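# 3D model of this:
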Amino acid sequence: MGHSHDHNHAHHHHGDLKGRNLFISILLNIAITIAQVIGGILSGSLALLSDALHNFSDVLSLVVSYIANKLTKKKASFQKTFGYKRAEILAAFVNAATLIIVAVLLIIEAVERFQNPQKIASNLVIWLSFIAILGNGFSVLLLKKDAESNMNMKSAYLHLLTDMMASVAVLIGGLLMKYYQLYWVDSVLTFVIALYLIWMGYDLLKNSTKVLMLFTPDSIPIQKIVDEINTFEMIKNVHHVHVWQLNEEEIHLEAHIDFNADITLSQFDEILQQVEELVFRKYDINHVNIQPEYGKDDAKEVIVQD
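Have a look, this model is predicted:
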């Protein structure tokens, strides 16, 4: 027996805006990538070609995020009873993993470039990296707000932010090589950016993995919740508890409750409503599914491995 205590309302307009911002960012990054490939070939700049590669990885990650954002709007069905609510978490996981891979490649590249500094032959590099900074900077601003509350958007945002920083490194490197012949700066900047990327990417990878693995969110103290529900009149025992996060909007609680008496359905409904109010108000749990029991012979531990 269970109730869904859904305090969420779909923000269709907001979702459309997210999709639109992602789409604009995709187009901008495709343009930047093409410009940098042409510029890199014409100027013979390895830095610019590697920056183009990062931009291309941005395009792929943005496409993944865009598809995930679209999928979440698809309706649930008999085969997909949750719909595609986890698509954005999956996208965040994929993008965080690629973020770390790109960072490792950046470090390898930075070390190689440090040993063999590349002479940049043209002002073209400076101008193109400046254009890339503007393009990525605009994309970063577009996604910043949603990145604070959505793992998928954060993964796209981090790809773009890193790319903007990499373009800044190319620009600074280009200017220092042009005026001061300091060829090592580019490598050092690239290395620092890559370390930052690993640090941010790991955090995102860890959080998205926790959701995909159905781990209980860090903010949910299961034992405390069980103790609070146990204080209710007529409740003898709360056991067989599962708490998991479906996506960034939904936290589910599932439990068996053993009652002191053989209560009626209407009495159970009243208690269920009180439980729902408690867990939503204090812990933001918005889906509750309770199995009522009376005198049933089963394991009474809080956590039962199914």
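# Check which helices and strands the one helix or strand residue 159 maps to is in contact with.
Here residue 159 sits within helix 151-180, counting by DSSP states H and E. Here helix 151-180 touches helix 12-43, helix 46-71, helix 87-115, helix 123-147, helix 185-212, going by 3 or more Cβ pairs under 8 Å, 6 or more residues apart in numbering; DSSP states H and E. (Glycine included, C-beta is placed from N, CA and C.)
# Can I get the ones you listed in JSON lines including mean pLDDT and mean neighbour count?
Formatted as JSON lines, those follow (pLDDT from 0 to 100; neighbours: other Cβ atoms under 10 Å):
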{"stretch": "helix 12-43", "mean pLDDT": "83", "mean neighbour count": "18"}
{"stretch": "helix 46-71", "mean pLDDT": "83", "mean neighbour count": "22"}
{"stretch": "helix 87-115", "mean pLDDT": "87", "mean neighbour count": "19"}
{"stretch": "helix 123-147", "mean pLDDT": "87", "mean neighbour count": "20"}
{"stretch": "helix 185-212", "mean pLDDT": "86", "mean neighbour count": "19"}
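# Out of the ones you listed, flag the one nearest residue 239.
helix 185-212 (23.7 Å; Cβ to Cβ).
# Centroid-nearest residue for the protein?
residue 151 (2.1 Å; Cα atoms, centre = their mean).
# and the residue lying closest to that residue once chain neighbours are set aside, what does it touch?
In space, and not counting its chain neighbours, residue 151 is closest to residue 92: 3.7 Å by Cβ to Cβ, 6 or more residues apart in numbering. By Cβ atoms under 8 Å, 6 or more residues apart in numbering, the contact list for residue 92 reads 151-152, 154-155, 204, 207-208.
# State the pair within the residues you listed that is farthest apart.
That would be 152 and 207, which, of those, are the farthest apart (Cβ to Cβ) at 11.6 Å.
# follow-up on the earlier one: quick one: residues contacting the residue nearest to the centre of the chain.
88-89, 92, 204, 207-208, 211, 248.
# In JSON lines: those residues, plus distance to residue 33.
Supplementary listing: the contacts of residue 151 in JSON lines, determined by distance: Cβ to Cβ, whole Å:
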{"residue": "88", "distance to residue 33": "24"}
{"residue": "89", "distance to residue 33": "27"}
{"residue": "92", "distance to residue 33": "23"}
{"residue": "204", "distance to residue 33": "23"}
{"residue": "207", "distance to residue 33": "29"}
{"residue": "208", "distance to residue 33": "26"}
{"residue": "211", "distance to residue 33": "31"}
{"residue": "248", "distance to residue 33": "30"}
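# From those, pick the one nearest residue 291.
Nearest member of the contacts of residue 151 to residue 291, counting by Cβ to Cβ, is residue 211, at 24.1 Å.
# Please report how far the closest one lies from residue 249.
12 Å (Cβ to Cβ, to the nearest Å).
# Residue 105 too?
Taking Cβ to Cβ, one finds residue 105 at 34 Å from residue 249.
# for residue 222, same thing?
21 Å.
# contacting residues around the closest residue to residue 100 other than its chain neighbours?
Closest residue to residue 100 apart from its sequence neighbours, by Cβ to Cβ, 6+ apart: residue 201 at 4.4 Å. By Cβ under 8 Å, 6+ apart, the contact list for residue 201 reads 96-97, 99-100, 103, 158.
# Tell me, how many residues neighbour residue 260?
12 (other Cβ atoms under 10 Å).
# That one and residue 236 touch, don't they?
Yes: between residue 260 and residue 236 there is a contact at 4.8 Å, judged by Cβ atoms under 8 Å.
# Looks to me like residue 243 is in a strand.
Yes: counting by DSSP: H, G, I helix; E, B strand; the rest coil, residue 243 falls inside a strand.
# and the gap between the residue nearest to it when sequence neighbours are not counted and residue 68?
Computed as Cβ to Cβ, 6+ apart, the closest residue to residue 243 that is not its neighbour in sequence is residue 216, at 4.6 Å. Counting by Cβ to Cβ, the separation of residue 216 from residue 68 is 24 Å.
# Residue 251 bridge partners, please.
residue 245 (DSSP bridges).
# can you pull the pLDDT of it?
Note for residue 251: predicted pLDDT of 96.
# What number of residues are in the vicinity of it?
Residue 251: 22 neighbours (other Cβ under 10 Å).
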